[in-house]
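[1] All I have is the shape, not the residue letters:
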């Protein structure tokens, strides 16, 4: 009867550094995403739809707006768009998956934050 020479070899899916399997890390990550999705409410920022519409304008025109298109009193005035990347990503998440896309974006951002910390 042949016995394998090394019983101490770990399967490929086990990470020897931390002792946790990659599969268990993936399971923890999936549970964290699920919990964040459950507890992550929609954005309650009063400017939420303004950000969403600005993202739509960026995609539609394939350029950053340089003049304010929304304001009644300052329409056409010079506009420094310092949140353009967030607005673009927010709109793409919303356009792709609707409200759940925005919640998923929130959950993934939270999970990435905790992943960086730990």
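    Yep, it's here. Nothing here was measured: the structure is a model prediction, and the numbers come from that model.

[2] Show me where this protein dips below the pLDDT cut-off.
    1-20, 37, 39-43, 117-118 (pLDDT under 70).

[3] Find the residue at the geometric middle of the chain.
    In the chain, the C-alpha nearest the mean C-alpha coordinate belongs to residue 105, at 3.2 Å (C-alpha atoms, centre = their mean).

[4] Would you confirm that that residue contacts residue 89?
    Yes - in this structure, residue 105 is within contact of residue 89 by C-beta atoms under 8 Å, at 6.9 Å. Any C-beta I mention is one placed from the backbone N, CA and C, and that applies to glycine too.

[5] Need the nearest residue in space to the residue nearest to the centre of the chain, chain neighbours excluded.
    Leaving aside its sequence neighbours, residue 105 sits nearest to residue 93 (C-beta to C-beta, 6 or more residues apart in numbering; 4.3 Å).

[6] Can you report how many residues lie near that neighbour?
    21 (other C-beta atoms under 10 Å).

[7] For it, which three-state class applies?
    helix (DSSP: H, G, I helix; E, B strand; the rest coil).

[8] which residues in this structure form helices?
    Here the chain has its helices, by DSSP state H, at 22-39, 48-61, 84-97, 99-117.

[9] for those, which one sits closest to residue 76?
    Smallest distance to residue 76 across the helices of the chain (C-beta to C-beta): 14.4 Å, for helix 48-61.

[10] Any buried residues in that closest one, and which?
    For helix 48-61, the buried set under the neighbour-count rule, 16 or more other C-beta atoms under 10 Å, comprises 51, 52, 54, 55, 56, 57, 58.

[11] Measure how far it is from the centre of its chain, please.
    Offset of helix 48-61 from its chain centre (C-alpha atoms, centre = their mean, to the nearest Å): 18 Å.

[12] helices or strands up against that helix?
    Of the remaining helices and strands, those touching helix 48-61 by 3 or more C-beta pairs under 8 Å, 6 or more residues apart in numbering; DSSP states H and E are helix 84-97.

[13] got the angle between the helix it packs on and helix 99-117?
    Here the directions of helix 84-97 and helix 99-117 differ by 130 degrees (axes from the mean of the first three to the mean of the last three C-alpha atoms, to 10 degrees).
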